[in-house]
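[1] Sequence first, predicted coordinates after that:
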Amino acid sequence: MDATKKKTESEVFISEADQYLFAQGTHYDIYKKLGAHPSVQDGEKGMFFGVWAPNAASVHVIGTFNGWDEMANPMKKIGPGGIHTTFIPGVGVHELYKFLITTPSGEKLYKADPFANSAELRPGTASRTVDISGFHWTDDVWMKERTRKDYNKEPLAIYECHIGSWMRHPRPEEKGFYNYREFADRIVEYLKEMKYTHVELMGIAEHPFDGSWGYQVTGYYAPTSRYGEPEDFMYLINKLHKNKIGVILDWVPAHFATDAHGLGRFDGQCIFEDPDPRKGEHPDWGTKIFNCGKTEVKNFLIANVLFWIKEFHIDGIRVDAVASMLYLDYGKQDGQWVPNIYGGNKNLEAIEFFKHLNSVVLGTYPSFLTIAEESTAWPKITGKIEDDGLGFSFKWNMGWMHDFCEYMKLDPYFRKDNHYAMTFAMSYNDSENYILPLSHDEVVHLKCSMVNKMPGYQVDKYANLRCGYTFMFGHAGKKLLFMGQEFGQEREWSEERELDWYLLGEDLNKGLQEYVKELLNIYRKYPCLYEFDNSWDGFEWLNCDDKDRSTYSFFRKSSAKKNNLLFVINMTPMLWENYKLGVPAKKKYKLLLCSTEERFGGSGETVPDEIMAKKEICDYRDYSITFDLPPYAAVIFTF
């Protein structure tokens, strides 16, 4: 325990006002009351327990402190809202416990605490008493600077990461995992070296099954015990912040696990999910759907985001499966869903929930990031709530991701017939604030790793991927790359093993890692790449129609009208001699980066360090430059 830790020694209780606000769905600090909290009553230290179980005939607290005696510690129902409480003297931290809920029919349910801040390591299913109140934070500089951020005009380069499979612990007695503190010491240096701005952590909320990757949650208020204690997770975030790296959590409000100790049929009735299986269950996923029409459920979820912000200083959430919440018929056949009151398939309650969530969270913390993983053309995901938008900060551009991956998989001979798949995203780019994601979903379930999606021999695959990544970093939109794809992980990702770090002993893999590092460095250094991501003010095609040569050329513009960048990308194995390109002005174009350099694993063919534009009309422009464009070459010039 940190020497600077200060223990909470005040009385915890639930007032009538607490009950009223929770019933209204607006008690945003309810996590400080429900759950298990160190408390002092009548001068005696112990643990205060509170649980929402409106349909229970009785509730008892059972745990290691009472020998799991089912009758030792009954709870009292304190009001009409269904909250039960008790104070147990002498109970300290690191005790295991559950709520024994007896239904009116006499059925006994042994439930983990929905508001617990820690849980027993799986396969155990009990909650654990902890005190998260006294961690000594030293990230004041980051937190103060964050309040001044407008990420629409800032660089945002996200490294999506699963702690348990990023790198495995070399000592078998450590169960294969680095703990949060050990992981912090390793990931921070890597992210700093690579120049990422943020890390997005998968699978942090407690979940029973490793193979769910954290997307089937049982403990929304508990960092998973796989990697240590809550204050160890605080240490990780604190260290990332001190090194100027933001932290985004994967957050799963769409559905939850059906495990017996979880939220399903919590008090014998469906209080977190809808009792109608057409509304309350995902037939394909085997999970339960939160009932967003119930005020207490909305309160549970919105307070959860505020909990991670206030208690753990996180900087953003990536909201999983937003489309599945917005559409009542998502993943369902006829007869498996119920239309809304107007007969349509829009989930009106989920729409209101997202507006409520974003208005509260971003209204209080404007620089916080709420990122929607939404795969349809639903309008105004990032639109203002007062304009009938949902109010998210950013939306994953799943359309761009799909088109990009499908195009890059093609044999170069067929790319000319699919040329406009790569230009289409700019036609709707200004409709939302976008993040371009190459996420874990693209490298699992027989989809191949990013490098093995590419056509050709091994050397061609890496050359293709360098071109693809250059297109991604030049294209409008913030960036997200899943771990391992920055160095050419060749196997599909599995949560059961670490990344294939040994590949960095190979020239192609080390070269790709160096190339991605260069792209990230350029991205952060040049404001033209991030200042105007959601408008045409920052992006202009030079030639988007050169399908017969499968080349793309465009430039990015800054507000200062200097340090602009010109991108030229050859998506074929052909050398285009005397490649002529119309340019914006009679300037000297200086080579900044070429993907074919030997240090990146390229062929060694390159382009001149400087090219002076001539007054020769090309691509409907008065000036042009001419050079030999090497095969599978991505070239960036400054001007």
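    In hand now; what should we look at? Residues are numbered from 1 along each chain as shown.
[2] if I pick Trp142, what's in contact with it?
    His241, Lys242, Lys244 (Cβ atoms under 8 Å, 6 or more residues apart in numbering). Every residue, glycine included, has its C-beta placed from N, CA and C.
[3] Show me which residues of the helix or strand containing it are buried.
    Using DSSP states H and E, Trp142 sits in helix 140-146. Across helix 140-146, burial judged by 16 or more other Cβ atoms under 10 Å covers Trp142, Arg146.
[4] How is the residue lying closest to Gly391 once chain neighbours are set aside classified with respect to secondary structure?
    Leaving out its chain neighbours, the residue that sits closest to Gly391 by Cβ to Cβ, 6 or more residues apart in numbering is Asn358, at 3.3 Å. Secondary structure for Asn358, judged by DSSP: H, G, I helix; E, B strand; the rest coil, is helix.
[5] The one 4 residues further on too?
    Taking three-state DSSP as the rule, one finds Leu362 in the helix state.
[6] Next one: it from Ile385, what distance?
    9 Å (Cβ to Cβ, to the nearest Å).
[7] who touches both of those two?
    Both Leu362 and Ile385 are contacted by Gly391, under the criterion Cβ under 8 Å, 6+ apart.
[8] How many neighbouring residues does the closest residue to Glu206 other than its chain neighbours have?
    Spatial nearest neighbour of Glu206, excluding adjacent residues (Cβ to Cβ, 6+ apart): Gly219 at 3.0 Å. Residues lying near Gly219 (other Cβ atoms under 10 Å) number 26.
[9] Then Gly106?
    When counting by other Cβ under 10 Å, one arrives at 8 neighbours for Gly106.
[10] ok, now how distant is it from Ser58?
    In terms of Cβ to Cβ, Gly106 sits 10 Å off from Ser58.
[11] Can you give me every residue that contacts Tyr159?
    Leu191, Met194, Tyr196, His198, Val199, Glu200, Leu480, Leu481, Met483, Glu486.
[12] Need the residues you listed in JSON lines (columns: distance to Met167, neighbour count and secondary structure).
    Formatted as JSON lines, these follow (distance: Cβ to Cβ, whole Å; neighbours: other Cβ atoms under 10 Å; DSSP: H, G, I helix; E, B strand; the rest coil):
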{"residue": "Leu191", "distance to Met167": "13", "neighbour count": "21", "secondary structure": "helix"}
{"residue": "Met194", "distance to Met167": "14", "neighbour count": "18", "secondary structure": "helix"}
{"residue": "Tyr196", "distance to Met167": "16", "neighbour count": "28", "secondary structure": "coil"}
{"residue": "His198", "distance to Met167": "19", "neighbour count": "24", "secondary structure": "strand"}
{"residue": "Val199", "distance to Met167": "14", "neighbour count": "25", "secondary structure": "strand"}
{"residue": "Glu200", "distance to Met167": "17", "neighbour count": "26", "secondary structure": "strand"}
{"residue": "Leu480", "distance to Met167": "20", "neighbour count": "26", "secondary structure": "strand"}
{"residue": "Leu481", "distance to Met167": "17", "neighbour count": "24", "secondary structure": "strand"}
{"residue": "Met483", "distance to Met167": "9", "neighbour count": "24", "secondary structure": "coil"}
{"residue": "Glu486", "distance to Met167": "14", "neighbour count": "24", "secondary structure": "coil"}
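[13] Export the residues you listed to CSV and append columns for distance to Ile14 and pLDDT.
    Conversion of these to CSV gives the following (distance: Cβ to Cβ, whole Å; pLDDT from 0 to 100):
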residue, distance to Ile14, pLDDT
Leu191, 41, 98
Met194, 47, 98
Tyr196, 42, 98
His198, 37, 98
Val199, 36, 98
Glu200, 35, 98
Leu480, 41, 98
Leu481, 45, 98
Met483, 42, 98
Glu486, 48, 98
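[14] So which of these is the closest to Arg168?
    Met483 (13.1 Å; Cβ to Cβ).
[15] Does that closest one touch His162 like I think?
    Yes - at 7.0 Å, Met483 and His162 qualify as touching, with contact defined as Cβ atoms under 8 Å.
[16] what's the overlap in contacts for those two?
    Joint contacts of Met483 and His162 (Cβ under 8 Å, 6+ apart) are Trp493.
[17] low-confidence ranges in the chain?
    1-9, 172-175 (pLDDT under 70).
[18] Run through who's touching stretch 75-87.
    With Cβ under 8 Å, 6+ apart, stretch 75-87 has contacts from 13-14, 16, 19, 22-23, 34, 39, 41, 46-56, 58-61, 73-74, 99, 267, 296.
[19] Return the alpha-carbon coordinates of it using PDB.
    Extracted C-alpha coordinates of stretch 75-87, given in PDB (Å, rounded to 0.1, in the frame of the first residue of the first chain):
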ATOM      1  CA  MET A  75     -29.900  -6.600   5.100                       C
ATOM      2  CA  LYS A  76     -32.800  -4.100   5.600                       C
ATOM      3  CA  LYS A  77     -35.000  -2.800   2.900                       C
ATOM      4  CA  ILE A  78     -34.900   1.000   3.500                       C
ATOM      5  CA  GLY A  79     -37.500   2.300   1.100                       C
ATOM      6  CA  PRO A  80     -40.000   1.700  -1.800                       C
ATOM      7  CA  GLY A  81     -37.200   1.800  -4.400                       C
ATOM      8  CA  GLY A  82     -35.900  -1.600  -3.400                       C
ATOM      9  CA  ILE A  83     -32.500  -0.700  -1.900                       C
ATOM     10  CA  HIS A  84     -31.200  -3.000   0.900                       C
ATOM     11  CA  THR A  85     -28.400  -2.000   3.300                       C
ATOM     12  CA  THR A  86     -26.500  -3.100   6.300                       C
ATOM     13  CA  PHE A  87     -23.300  -2.200   8.200                       C
END
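[20] tell me the helices in the chain, going along the chain?
    For the chain, the helices defined by DSSP state H occupy 16-24, 140-146, 163-166, 180-194, 230-242, 277-280, 295-312, 322-326, 348-364, 398-408, 412-415, 450-453, 458-474, 507-525.
[21] Could you figure out how far the fifth one is turned away from helix 180-194?
    An angle of 20 degrees separates the directions of helix 230-242 and helix 180-194 when computed by axes from the mean of the first three to the mean of the last three Cα atoms, to 10 degrees.
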